[in-house]
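Undergrad: Here's my sequence, what's the structure:
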Amino acid sequence: MDATLQALRGLVPRELQNPRVGIICGSGLSGLAASLRQSVLVSYAELPGFVQSTVPGHKSSLAFGLMGSGAGVPVVAMLGRFHPYEGHKLSSVVYPVRVMAKMGVKNIIITNAAGALNPELTVGTIVVVHDHIALPNLTGMNPLLGPQTDPSLPRFLPLSDAYSRLLRKLVFRAAHDLSIERDALAEGTYAWVSGPTYETAAEGRFLRAAGADVVGMSTVPEVLAAREEGMNVLVLSLVTNAVVIPASYQSVRDEFEAEIAGVSTKTVVEEVVSHEEVLALGRLKGDLMKSLVEKVLDLLPSNTQQ
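TA: Model (predicted):
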């Protein structure tokens, strides 16, 4: 960690070395950093302890700069996150969050692209996450397993208050001030799955029945590390696709028996999800997400409390 911080001190101007807010950009959402003023990019390759993001739509840089109106708020944005499915250790996945904490970040805004489990959520909706279901966490894939990185941090981390109520309220205030239509935003529960496969129909039904509204392959490890480090957390999930959950199953046996009986049947076209459509929707809604985040920063109290 010391080597990383020392490298950053040599690469980032002094006035940007103590960001107040951290931002993690999800798939197709790296444009969030386009509005940074006095922007300075630092490649992950220049930072000891950082790995490389291999996912299309994710860059591999930290962006430092000012965001928001007036003098602006100093921020650091992660352009490209790390995922366990890329082969990275969980300690590497959350390492940038811990670096942000050591630089002084108190509030972190985590964005992601997600699939909708809740049929009432339309593609393009921004979901303000208030809770999560993390199957990997419950089955031994938790970033806080093992020796503590700092003995002063809590050993048993409570998560019932993981998502800052104040920051969530600021999102809706920002949307109101920007005259964003009410149905453009929703609240919901995020389900973390390991990926890199998209869910089967049965898995989608299982997660929906468990109470999840959206599902994705990231975010929760970062939330856990941020909360352990004492940060206030805001998560915004952009719905980029609907999880394929057919309302009913058309039997292959019935289809076969109808065919041999000479009865005409409706051709079943099985739906699939692609990463390309996720990226495309992320780019399409990037400006809306950017405007929302900028306004939240304008509304952020100087000393944010939970």
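
Undergrad: Alpha carbons of stretch 7-16, as PDB, please.
TA: Once non-C-alpha atoms are left out, stretch 7-16 reads as follows in PDB (Å, rounded to 0.1, in the frame of the first residue of the first chain):
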ATOM      1  CA  ALA A   7       3.600   6.300  -6.700                       C
ATOM      2  CA  LEU A   8       0.400   8.400  -6.700                       C
ATOM      3  CA  ARG A   9       2.100  11.300  -5.000                       C
ATOM      4  CA  GLY A  10       4.600  11.300  -7.800                       C
ATOM      5  CA  LEU A  11       2.000  11.200 -10.600                       C
ATOM      6  CA  VAL A  12      -0.900  13.300  -9.300                       C
ATOM      7  CA  PRO A  13      -0.700  17.100  -8.600                       C
ATOM      8  CA  ARG A  14      -0.800  17.900  -4.900                       C
ATOM      9  CA  GLU A  15      -4.200  19.700  -5.200                       C
ATOM     10  CA  LEU A  16      -5.800  16.400  -6.400                       C
END
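
Undergrad: Now do it: everything it contacts.
TA: 17, 38, 40, 42, 46-48, 62, 64-66, 74, 99, 103 (CB atoms under 8 Å, 6 or more residues apart in numbering). Backbone N, C-alpha and C define where each C-beta goes, glycine included.

Undergrad: Centre of the chain to it, how far?
TA: Its chain's C-alpha centre and that of stretch 7-16 lie 26 Å apart, by CA atoms, centre = their mean, to the nearest Å.

Undergrad: for that stretch, what is the average pLDDT?
TA: Mean pLDDT, stretch 7-16: 95.

Undergrad: And for stretch 293-306?
TA: Confidence over stretch 293-306 (mean pLDDT, whole number) is 79.

Undergrad: Any buried residues in it, and which?
TA: Using 16 or more other CB atoms under 10 Å as the test for burial, stretch 293-306 gives 293, 294, 295, 296, 297, 298, 300, 304.

Undergrad: which residues sit against that stretch?
TA: 21, 23, 32, 35, 67-70, 73, 75, 106-107, 109, 111, 161, 164-167, 170-171, 173-174, 177-178, 232, 234, 236.

Undergrad: which of those residues are buried?
TA: Burial by neighbour count, judged by 16+ other CB under 10 Å, picks out 21, 23, 32, 35, 67-68, 73, 75, 106-107, 109, 111, 164, 167, 170-171, 174, 232, 234, 236 from those.

Undergrad: just for the stretch 1-150 of the chain, where's the confidence low?
TA: Residues of the stretch 1-150 of the chain meeting the criterion pLDDT under 70: 27-28, 56-58.

Undergrad: can you give me the strands in it?
TA: Along the stretch 1-150 of the chain, counting by DSSP state E, counting those that start in this stretch, strands occupy 21-25, 37-43, 61-67, 73-79, 107-116, 126-134.

Undergrad: Distance to residue 92 added to those strands, as a markdown table?
TA: Below are the strands of the stretch 1-150 of the chain laid out as a markdown table (distance: least, CB to CB, whole Å):
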| stretch | distance to residue 92 |
| --- | --- |
| strand 21-25 | 14 |
| strand 37-43 | 16 |
| strand 61-67 | 15 |
| strand 73-79 | 13 |
| strand 107-116 | 17 |
| strand 126-134 | 18 |
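
Undergrad: Surely residue 133 and residue 188 touch.
TA: No: with contact defined as CB atoms under 8 Å, residue 133 does not count as touching residue 188 (11.0 Å).

Undergrad: Now for these two: what residues contact both?
TA: With CB under 8 Å, 6+ apart as the test, residue 133 and residue 188 both reach residue 212.

Undergrad: Of those two, which one has the most company?
TA: Each of residue 133 and residue 188 has its neighbours counted (other CB atoms under 10 Å); residue 188 has more, 24 against 18.

Undergrad: before we move on, the earlier item: out of the contacts of stretch 7-16, which comes closest to residue 251?
TA: Among the contacts of stretch 7-16, residue 62 lies closest to residue 251 (CB to CB), at 52.6 Å.

Undergrad: show me the contacts for the closest one.
TA: Shown in contact with residue 62 (CB under 8 Å, 6+ apart): 8, 41, 42, 44, 47, 76, 77, 78, 79, 96.

Undergrad: ok, how many other residues are close to residue 153?
TA: As a burial measure, residue 153 scores 16 neighbours (other CB under 10 Å).

Undergrad: Isn't it up against residue 228?
TA: Yes: counting by CB under 8 Å, residue 153 touches residue 228, with 5.2 Å between them.

Undergrad: For the residue nearest to residue 125 when sequence neighbours are not counted, give its distance to residue 1.
TA: Leaving aside its chain neighbours, residue 125 sits nearest to residue 239 (4.6 Å; criterion: CB to CB, 6 or more residues apart in numbering). Distance, residue 239 to residue 1, using CB to CB, to the nearest Å: 36 Å.
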